[in-house]
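Peer 1: Okay, here's the prediction I keep looking at, along with the sequence it came from:
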Amino acid sequence: MENNRRPDNMERISDARLAQAFIDEQIGKIREQVGDKKVLLALSGGVDSSVVAALLIKAIGKNLVCVHVNHGLLRKGEPEQVVEVFRNQMNANLVYVDAVDRFLDKLAGVAEPEQKRKIIGAEFIRVFEEEARKQQGIEFLAQGTIYPDILESGPVKAHHNVGGLPDDLKFELVEPLKFLYKDEVRVVGKALGLPDNMVYRQPFPGPGLGVRCLGAITRDRLEAVRESDAILREEFAKNGLEGKVWQYFTVVPDFKSVGVKDGKRTFEYPVILRAVNTKDAMTATVEDVPFALLQHITDRITKEVKGVNRVLYDLTPKPTGTIEWE
Ligand code: XMP
């Protein structure tokens, strides 16, 4: 029976020196566990999977096979950054799968939020399974499990209930972060040389922008979510709110409203801005974003994002609103 309890005497990893000691220890443990065998990892580019990847690259180099599935629901620049950091800078064995059309075709016309989640989760497993079958000699599966995932399936990862790989692909697990808290994972990621915007990233749901493009996903509204999200993130970073606000993003609903642009009537989508603070995602308060900044973001989004003529700020705490809109 595997031990899933953090050792009582384990020191909290709070600085670079402790992170380095953890990294050295884990490199030894990983090499001992996997020897010269190959390890597979689904690398989303989120904090946990990125830190696992960087650690395993240090320990076993090209014997780690990273699979990055681009499902079309990632934020602007994310798939490119995964390729840049892991393939170009860290020289990783990275399989990049462009599954954008495949996901969007499966999701076409599906409006019910839980149904959308199920399709995204199931399709992800299917794509990953296909890639796993193409690889020869894999004996291990690395996962970015962290201690809170073991302690309780909290609101964030509880949504990941999408089943797993089929029995013949059940590899032995490599979970080097399983006793770490999130803040420790970030300290380790920093010590491994990952870029700050990867290490200090805000939480991002598994189904990605798919739950922020409300109702049945269309390519035009999905692009509007992605572009408006990029503007919001850029402006929050410029104005010192990055790393201060817990989670912030944009939502595009599936209705239009009347507006006017260059003296002509428009009939286009609104963008909803959301920025919240919380400790555990069970309750949340709304960030008091300066009005002038909200006006500036509105100005940019309505000018720069195609098909958008209106911007709204969501003032609803949780409860009564959830953080996401779907
Ligand atoms: P809600 O909307 O339930 O969100 O207040 C709480 C936190 O969970 C994230 N979230 C998800 N994470 N898969 C995930 O991995 C999901 O399906 C999912 N839905 C919500 C949300 O972003 C917030 O941080």
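Peer 2: That came through fine.

Peer 1: contacts and neighbour counts: CA atoms only from here.
Peer 2: Fine.

Peer 1: now stretch 205-224: mean pLDDT?
Peer 2: For stretch 205-224, mean pLDDT rounds to 98.

Peer 1: Can you give me the buried ones in it?
Peer 2: Neighbour-count burial for stretch 205-224, with 16 or more other CA atoms under 10 Å as criterion, is recorded at 205-218, 221-224.

Peer 1: Have a look at this protein and report its longest helix.
Peer 2: Under DSSP state H, the helix in the chain containing the largest number of residues is helix 113-134.

Peer 1: could you say what helices and strands that one packs with?
Peer 2: Helix 113-134 is packed against strand 64-70, helix 100-107, with contacts defined by 3 or more CA pairs under 8 Å, 6 or more residues apart in numbering; DSSP states H and E.

Peer 1: Between strand 64-70 and the longest one, find me the angle.
Peer 2: Using axes from the mean of the first three to the mean of the last three CA atoms, to 10 degrees, the interaxial angle of helix 100-107 with respect to strand 64-70 works out to 50 degrees.

Peer 1: So what sits opposite residue 95 in the bridge?
Peer 2: With DSSP bridges as the criterion, residue 95 is bridged to residue 67.

Peer 1: whoops, I mixed them up, residue 274
Peer 2: Applying DSSP bridges to residue 274 gives these bridge partners: residue 249.

Peer 1: Give me the angle between the longest helix of the chain and helix 100-107.
Peer 2: Relative orientation of helix 113-134 versus helix 100-107 (the same axes, to 10 degrees): 140 degrees.

Peer 1: Please list the outside residues in contact with helix 113-134.
Peer 2: If you take CA atoms under 8 Å, 6 or more residues apart in numbering as the criterion, helix 113-134 is touched by 40, 42, 67, 69, 71, 99, 103, 106-107, 110, 138, 160, 162-165, 169, 207, 210-211, 215, 326.

Peer 1: returning to what we had before: out of the helices and strands packed on helix 113-134, which is the most enclosed?
Peer 2: Among these, ranked by average contacts under mean count of other CA atoms under 10 Å, first place goes to strand 64-70 (a mean of 23).

Peer 1: Let me know the secondary structure of whichever residue of the stretch 101-250 of the chain sits closest to the ligand.
Peer 2: Minimum separation of the stretch 101-250 of the chain from the ligand (CA to the nearest ligand atom) falls at residue 205, amounting to 3.4 Å. Following DSSP: H, G, I helix; E, B strand; the rest coil, the label given to residue 205 is coil.

Peer 1: what's the first-to-last distance across stretch 142-152?
Peer 2: End-to-end distance for stretch 142-152: 20 Å, by CA to CA, to the nearest Å.

Peer 1: Mind listing residues that contact it?
Peer 2: Stretch 142-152 is contacted by residues 4, 6, 39-42, 48-49, 51-52, 154, 157, 173-182 when judged by CA under 8 Å, 6+ apart.

Peer 1: just to revisit the earlier point, how about the longest helix of the chain, which residues are buried there?
Peer 2: Across helix 113-134, burial judged by 16+ other CA under 10 Å covers 116-125, 127-128, 131-132.

Peer 1: of all the residues you listed, which two lie farthest apart?
Peer 2: Maximum pairwise distance among those (CA to CA): 24.2 Å, between 116 and 132.

Peer 1: Stretch 188-206: end-to-end distance?
Peer 2: Length of stretch 188-206, first residue to last, CA to CA: 22 Å.

Peer 1: now do stretch 80-96
Peer 2: End-to-end distance of stretch 80-96 (CA to CA): 10 Å.

Peer 1: ok, residue 312 - contacts?
Peer 2: So, once contact is read as CA under 8 Å, 6+ apart, residue 312 ends up touching 270-273.

Peer 1: cutoff 6 Å now
Peer 2: Residue 312 is in contact with residue 272, counting by CA atoms under 6 Å, 6 or more residues apart in numbering.
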